[in-house]
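Engineer: here are the coordinates; sequence isn't available:
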């Protein structure tokens with residue numbers, strides 16, 4: 001009889017501890033989803049900034065194409081920027097895919113075992129850390145790119161002003 005009571009007590013303690021662990025994991029997941037929402041907002045803002053800089057870049061390219069002669073240094077700089085834009089676009093697209101994956105995980109999270117929940121949480125923590133680092137890189141890249149574009153636009157405006165009288 002003592003063995004049965006001991007076994008039932010052990011099962012009850014195990015069930016309670018599993019339930020507590022599951023609640024802890026649910027709370028941790030909820031906090032991560034809140035962080036993810038913030039990261040998604042930042043990512044959307046970066047997408048808007050990216051679009052603005054690309055539009056500015058394309059406007060400068062059009063202006064450069066009307067110049068005669070075309071400044072090869074400016075063209076090389078513009079080409080370098082296009083490579084950076086492609087890289088930034090890839091980062092932003094990857095972040096969108098991760099966020100979509102988080103939604104999928106969230107919809108199934110309640111049905112996962114404690115071990116599966118913990119594995120998903122650890123993956124999300126790693127991914128969020130990666131996104132935070134990428135966002136810091138994007139921010140500094142966009143700030144640098146915006147300054148460069150403003151300088152290039154000023155140079156283009158100076159060039160077109162100087163060249164206009166010569167064409168007349």
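Structural biologist: Sure thing, it's come through. Just so you know, these numbers come straight off a predicted model, no measurement behind them.
Engineer: need the helix or strand of the chain with the lowest average pLDDT.
Structural biologist: Least confident helix or strand of the chain, by mean pLDDT, DSSP states H and E, is helix 2-65 with a mean of 78.
Engineer: name the helices or strands packed onto it?
Structural biologist: With contacts defined as 3 or more Cβ pairs under 8 Å, 6 or more residues apart in numbering; DSSP states H and E, the packing partners of helix 2-65 are helix 72-108, helix 114-167. (Each C-beta comes from the backbone N, C-alpha and C, glycine too.)
Engineer: show me what the longest one is packed against.
Structural biologist: Judged by 3+ Cβ pairs under 8 Å, 6+ apart, the packing partners of helix 114-167 are helix 2-65, helix 72-108.
Engineer: would you turn these into a markdown table with distance to residue 156 and mean neighbour count?
Structural biologist: Converted to a markdown table, the helices and strands packed on helix 114-167 look like this (distance: least, Cβ to Cβ, whole Å; neighbours: other Cβ atoms under 10 Å):
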| stretch | distance to residue 156 | mean neighbour count |
| --- | --- | --- |
| helix 2-65 | 5 | 13 |
| helix 72-108 | 7 | 14 |
